[in-house]
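# Output the structure for:
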Amino acid sequence: MNIYVLMKQTFDTEEKIVIANGAVSEDGAKFIINPYDEYAVEEAIRQKERHGGVITVVSAGPERTAEALRTALAMGADEAVLITDDRLSGDEYAVSRALAAYLGQQPADLVLGGNFSVDTGAGQVAVRVARLLNLAHTSSITKLNIADGRATVLRDAEGDTETLEVTLPALFTAQQGLNEPRYPSLPGIMKAKKKPFRQLTLDDLGLSEADIAPRTVRESLSLPPARQAGQLLSGDPQQQAAQLVHLLRTEAKAL
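Coordinates of the predicted model:
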């Protein structure tokens, strides 16, 4: 089975976000595999353990993304591909076009990705790739069973669960609860250094800058205004209610 995992490198979820010159500052920041993509990597490894095959992790992003890909190799993936090009923006449309251009040339049986990335929360890239490649897809899965060329999945549906059966090849995005990702072992880290790692540009994929022109542009980025200190109202409940109404009218302008 040829398994491909779509990955993104994101800020560590414990990092403090700093805005500088209208953008998130990366100075000294720690980057990790997007947590939802980590579920996808783990599921790929589990499916390979059951059915055999080759796992290729794929990402489109800056050169620092290589670190996240090597972590996935240390977890148990077999190969890695990084699509990196100064002409490629972070726009979901552009990234999905680049990933689809690569995957369209591969004999994929199963494609996995995260439900969404924790930095933008858009949840668009994987399903856009499925659409571009005309692949059946199901998002937010919490269980995956494969047999006889078909996949049976449980899908998280806003507090409920759906059971779906899909013919392979297909694409699925992983929701929390699908599995518990493993930590890279020391032998795995050592083996990762020798595993195939390809770096591609738009030219390698036959794409021009016009092909991946972004459909969205971020015009500004800022932190929310600092909250004012709260006020403690004194007196009995009737007096406190009167003070609250007065403040809502005069300061908050809510009444």
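
# Quick check: R46 touching P181?
No. Contact between R46 and P181 fails when scored by Cβ atoms under 8 Å: they sit 10.3 Å apart. Just so you know, the C-beta spots here come from the backbone N, C-alpha and C atoms, and that holds for glycine as well.

# my read: A98 touches D203, true?
No. Using Cβ under 8 Å, A98 is not in contact with D203, being 11.6 Å away.

# Tally up the residues packed near the closest residue to I19 other than its chain neighbours, please.
Nearest residue to I19, sequence neighbours excluded (Cβ to Cβ, 6 or more residues apart in numbering): L223, at 5.5 Å. The number of residues packed near L223 is 8, by other Cβ atoms under 10 Å.

# Just say helix, strand or coil for L223.
L223 falls in the coil class when you classify it by DSSP: H, G, I helix; E, B strand; the rest coil.

# Quickly note the distance from it to T216.
Counting by Cβ to Cβ, to the nearest Å, the gap from L223 to T216 is 21 Å.

# just checking, what packs against the worst-scoring helix or strand of the chain on mean pLDDT?
Of all helical and strand segments in the chain, the minimum by mean pLDDT, DSSP states H and E falls on strand 23-24, at a mean of 80. In terms of contacts (3 or more Cβ pairs under 8 Å, 6 or more residues apart in numbering; DSSP states H and E), strand 23-24 is not packed against any helix or strand.

# moving C-terminal of that strand, what's the next helix or strand?
strand 31-33 (DSSP states H and E).

# which stretches of the stretch 51-200 of the chain form strands?
For the stretch 51-200 of the chain, applying DSSP state E, counting those that start in this stretch gives strands covering 54-60, 79-83, 110-114, 136-147, 150-157, 160-167, 170-174, 197-200.

# For T13, find the nearest of these.
Ranking the strands of the stretch 51-200 of the chain by proximity to T13 (Cβ to Cβ) places strand 110-114 first, at 13.1 Å.

# Please enumerate residues in contact with the closest one?
1-8, 34-41, 43-44, 47, 103, 125-126, 129-130, 135, 146, 151, 168-174 (Cβ atoms under 8 Å, 6 or more residues apart in numbering).

# Now find how far off-centre that strand is within its chain.
Chain-centre distance of strand 110-114: 10 Å, with Cα atoms, centre = their mean, to the nearest Å.

# Using PDB, write down the CA coordinates of it.
Coordinates of each C-alpha in strand 110-114 appear next as PDB, following Å, rounded to 0.1, in the frame of the first residue of the first chain:
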ATOM      1  CA  LEU A 110      -4.200   6.200   0.900                       C
ATOM      2  CA  VAL A 111      -3.700   9.900   1.700                       C
ATOM      3  CA  LEU A 112      -3.900  11.100   5.300                       C
ATOM      4  CA  GLY A 113      -3.800  14.600   6.800                       C
ATOM      5  CA  GLY A 114      -4.700  16.500   9.900                       C
END
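
# Okay then, goodbye and thanks.
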